[in-house]
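# Predicted model, plus sequence, below.
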Amino acid sequence: MSTSILRHPSTHNDPHWEMRCDLAACFRWAVRMNWHEGVSNHFSAVVDDEGGSRFLMNRDQIHFTRVTASNLLLLDANDPDVMKGPDAPDPTAWALHGAIHRRVPFAKVAIHLHSKYATVLASLADSRLPAIDQNSAMFHDRVVIDENYGGLAFDEEGERVASLFTDPKKKVMVMGNHGIMVIGETIAEAMNRTYFFERATETYITALMTQRPLRYLSDEVAEAVAFETERYPGQAVRHMAEIRLNLDKTEPDYAA
C-alpha cells in the first residue's frame with residue numbers, strides 16, 4: 001500500500017488557500033508538540049463569512065504528518081448527505097465539529113485533541129485549572145468543564161458537547177474523561193490558545209506531582225492577566241507565522 005502524501009485536486013487559486021495552509025500547518029505542528037494520537041482527533045475552520053456553514057477539516061483517519069493544504073475536506077455543516085459520499089469524514093468528527101459550527105457562531109475554528117497534560121486534567125475529579133502561574137492565569141474564568149461524558153461523539157453526544165459553548169468568553173472546553181476542545185475566531189488564535197493551555201496544564205500537573213503547597217494567584221490578578229493577554233498585540237498571528245516559516249524549511253509539503 002502506498003504511503004505517499006494524499007493529494008486531491010486543488011489549485012493555488014483556491015480562495016481559501018491561505019486558510020488551508022494555516023490549518024495544515026497546525027496538524028504538522030501538533031506532531032512536533034506530541035499532541036497527536038494515532039489517526040484520531042480533528043481540527044476544523046469555517047471558510048465562509050459570518051453566518052456561513054462550510055468548513056475545512058482533516059480527512060478520515062490519516063496521520064497528522066500526511067495532512068496537506070490540498071487534502072483537507074471542505075464540508076457543509078448543514079449537509080448531512082456528506083456522510084454518504086466517497087470522501088465522508090470520520091462520523092464522530094462530523095457530529096462534533098458539525099454541531100459546533102452550526103450552533104456556536106463564535107467558533108470559527110475548533111481544535112480537538114487528547115494532548116497529554118490537558119487530558120490528565122480532564123481525568124481528575126476536579127478538572128478546574130487554578131491560576132498558579134502566568135500561563136494558567138490566561139484561562140481564568142475562561143474554561144468550560146464538561147462533567148457528563150457520554151461516549152464517542154456521535155450525533156447526540158456531539159450536539160450535547162456543542163451546546164455547552166454558550167459564553168463567548170469561554171473558548172476552551174475540558175471534556176471530562178476525554179480531552180479538550182479549543183475554539184477561536186481564527187486559526188492563529190485557536191492554535192495559540194491550544195499551545196498555552198497545554199503548557200499551563202503541564203505546569204499544573206507537574207506542580208501537583210511535587211505534593212507541595214501551591215502558590216495561587218488572586219482572582220483579581222488572574223483576571224487582569226487573562227484580560228491583558230487577550231489584548232496582547234499580534235502574538236497569535238506571529239506565532240502562526242513562525243510555525244509556517246519553520247515548516248517551510250523542514251516540511252514544505254504541508255502547503256502542497
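Yep, it's here. Numbering: from 1, shown residues only.
# Spell out the residue ranges of the strands in the stretch 151-256 of the chain.
Counting by DSSP state E, counting those that start in this stretch, one finds strands in the stretch 151-256 of the chain at the ranges 172-175, 179-184.
# What is the longest one packed up against?
Right, strand 179-184. Based on contacts counted as 3 or more CB pairs under 8 Å, 6 or more residues apart in numbering; DSSP states H and E, the elements that strand 179-184 packs against are helix 91-103, strand 109-113, helix 116-123, strand 172-175, helix 187-209. For the C-beta atoms, the positions are set from N, CA and C on the backbone; glycine is no exception.
# go with 7 Å
Under the contact criterion of 3 or more CB pairs under 7 Å, 6 or more residues apart in numbering; DSSP states H and E, strand 179-184 touches strand 109-113, helix 116-123, strand 172-175, helix 187-209.
# and for the last one, what are the contacting residues?
Outside of helix 187-209, the residues that reach it under the criterion CB atoms under 7 Å, 6 or more residues apart in numbering are 19, 22-23, 26, 35, 45, 109, 111, 113, 115, 117-118, 120-121, 129, 132-133, 135-136, 138-139, 171-172, 180, 182-184, 214, 235-237, 239-240.
# do that again at 6 Å, thanks
Applying CB atoms under 6 Å, 6 or more residues apart in numbering, the external contacts of helix 187-209 come out as 22-23, 26, 45, 109, 111, 115, 117-118, 120-121, 129, 133, 135-136, 138, 172, 182, 184, 214, 236-237, 239-240.
# residue contacts, the residue nearest to Gly158 when sequence neighbours are not counted?
Ranked by CB to CB, 6 or more residues apart in numbering and with sequence neighbours excluded, the top spatial neighbour of Gly158 is Ala95, at 3.3 Å. The contact partners of Ala95, taken as CB under 6 Å, 6+ apart, are Ala153, Phe154, Asp155, Gly158.
# now, the most widely separated pair of those?
Based on CB to CB, the longest span within the contacts of Ala95 runs between Ala153 and Asp155 and measures 8.6 Å.
# between the two, who's got more neighbours?
Relative neighbour count places Ala153 above the other of Ala153 and Asp155, with 26 against 15, counting by other CB atoms under 10 Å.
# And the residue nearest the centre of the chain, how close does it get to His42?
The geometric centre of the chain, computed from its C-alpha atoms, lies nearest to Ile111 (CA atoms, centre = their mean), at 1.5 Å. In this view, Ile111 and His42 are 8 Å apart by CB to CB, to the nearest Å.
# One more: Pro89?
Per CB to CB, Pro89 is found 8 Å from His42.
# Quick check: neighbours shared by the two?
Where contact means CB under 6 Å, 6+ apart, the residues bridging Pro89 and His42 through contact with each are Met57.
# average pLDDT for stretch 40-51?
Throughout stretch 40-51, pLDDT has a mean value of 90.
# residues of it that come out buried?
When burial is assessed from 16 or more other CB atoms under 10 Å, stretch 40-51 yields the following buried residues: Ser40, Asn41, His42, Phe43, Ser44, Ala45, Val46, Val47.
# And the contacts of it?
For stretch 40-51, contacts defined as CB under 6 Å, 6+ apart pick out 16, 19, 23, 26, 54-58, 93, 97, 101, 108-113, 187.
# Let me know the angle separating the helix or strand bottoming out on mean pLDDT in the chain from strand 109-113.
Within the chain, no helix or strand scores below helix 155-162, which has a mean of 94 by mean pLDDT, DSSP states H and E. Counting by axes from the mean of the first three to the mean of the last three CA atoms, to 10 degrees, helix 155-162 points 110 degrees away from the direction of strand 109-113.
# Give me the angle between helix 155-162 and helix 91-103.
Counting by the same axes, to 10 degrees, helix 155-162 lies at 50 degrees to helix 91-103.
# so what secondary structure elements neighbour helix 155-162?
Helices and strands in packing contact with helix 155-162 are listed as helix 91-103; criterion 3 or more CB pairs under 6 Å, 6 or more residues apart in numbering; DSSP states H and E.
# my read is Val144 is in a strand, agree?
Yes: using DSSP: H, G, I helix; E, B strand; the rest coil, the assignment for Val144 is a strand.
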